[in-house]
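Undergrad: Sequence first, predicted model second:
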Amino acid sequence: MKKQLFVALALIALVSQQSFGAEMAVSVGDIEEFSPAASVGKVGTPMFVANYIQMATSGLLCGGVTLIPKGNYDVRVRSQRFAKSLFGSAYKPGQVLSNWVEIGPGGQRFAYDWAGPRASYHYRVFCQVRNPRGNWMPVDCYKVISLYDAQHNRPCLIGPAGPSAKYSGLNMNTKK
């Protein structure tokens with residue numbers, strides 16, 4: 001009886017995960033809203049989570065992703081490394097890895113690696129947009145950035161997921 005109950009619960013969980021995994025996008029003017037539910041089950045690959053972009057590879061592998069501004073926004077990004085505290089489930093404050101980097105209209109490709117030895121280590125990229133007065137304001141990344149050509153868990157020696165991906169800029173590299 002216990003085994004049948006376990007199997008039934010496992011099937012319900014699987015079906016729930018698959019139904020929540022469908023991407024939900026709703027157009028609002030020239031901003032496309034993104035649902036993080038689209039990224040269920042894709043741990044580590046570049047994805048929108050809350051107001052930032054999260055990524056990290058497995059083991060000693062590398063990745064690359066192109067960030068492209070949506071619409072006519074002036075966008076800049078900055079990276080931080082996060083991990084859970086050694087004892088507990090709370091995340092430690094992020095370690096700032098870069099200054100703000102402006103992303104041109106054609107986008108920019110960035111490389112990233114495994115972020116650290118524990119499973120909770122990952123990179124977060126935060127976004128700002130320039131308002132009409134010329135001031136930079138925090139914004140949810142999914143509203144102003146598209147992720148393009150993500151190459152994930154690739155050998156680092158032959159170029160981190162493409163020769164145009166560079167660690168410089170966002171410095172998402174544990175060797176730094």
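TA: Nice, I can see it.
Undergrad: any low-confidence regions in this protein?
TA: 1-43, 158-165, 175-176 (pLDDT under 70).
Undergrad: As a check, name the ranges of all strands in it.
TA: 25-28, 31-34, 47-49, 52-55, 62-69, 75-82, 95-96, 101-103, 108-112, 122-130, 136-139, 145-154 (DSSP state E).
Undergrad: and residue 89, which of those is closest to it?
TA: strand 75-82 (12.8 Å; C-beta to C-beta). In this view, the C-beta of every residue, glycine as well, is placed from N, C-alpha and C.
Undergrad: Output the closest one as PDB, restricted to C-alpha atoms.
TA: Output in PDB follows, covering the C-alpha atoms of strand 75-82 (Å, rounded to 0.1, in the frame of the first residue of the first chain):
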ATOM      1  CA  VAL A  75      20.300  48.700 -20.400                       C
ATOM      2  CA  ARG A  76      23.200  47.900 -18.100                       C
ATOM      3  CA  VAL A  77      23.900  44.800 -16.100                       C
ATOM      4  CA  ARG A  78      26.100  43.800 -13.100                       C
ATOM      5  CA  SER A  79      26.900  40.300 -11.800                       C
ATOM      6  CA  GLN A  80      27.100  38.900  -8.300                       C
ATOM      7  CA  ARG A  81      27.900  35.400  -6.900                       C
ATOM      8  CA  PHE A  82      25.600  33.900  -4.400                       C
END
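Undergrad: So which elements touch that strand?
TA: Other helices and strands packing on strand 75-82, by 3 or more C-beta pairs under 8 Å, 6 or more residues apart in numbering; DSSP states H and E, are strand 95-96, strand 101-103, strand 122-130.
Undergrad: Any chance of CSV for those strands, columns distance to residue 48 and mean neighbour count?
TA: Below are these laid out as CSV (distance: least, C-beta to C-beta, whole Å; neighbours: other C-beta atoms under 10 Å):
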stretch, distance to residue 48, mean neighbour count
strand 95-96, 20, 12
strand 101-103, 15, 18
strand 122-130, 10, 23
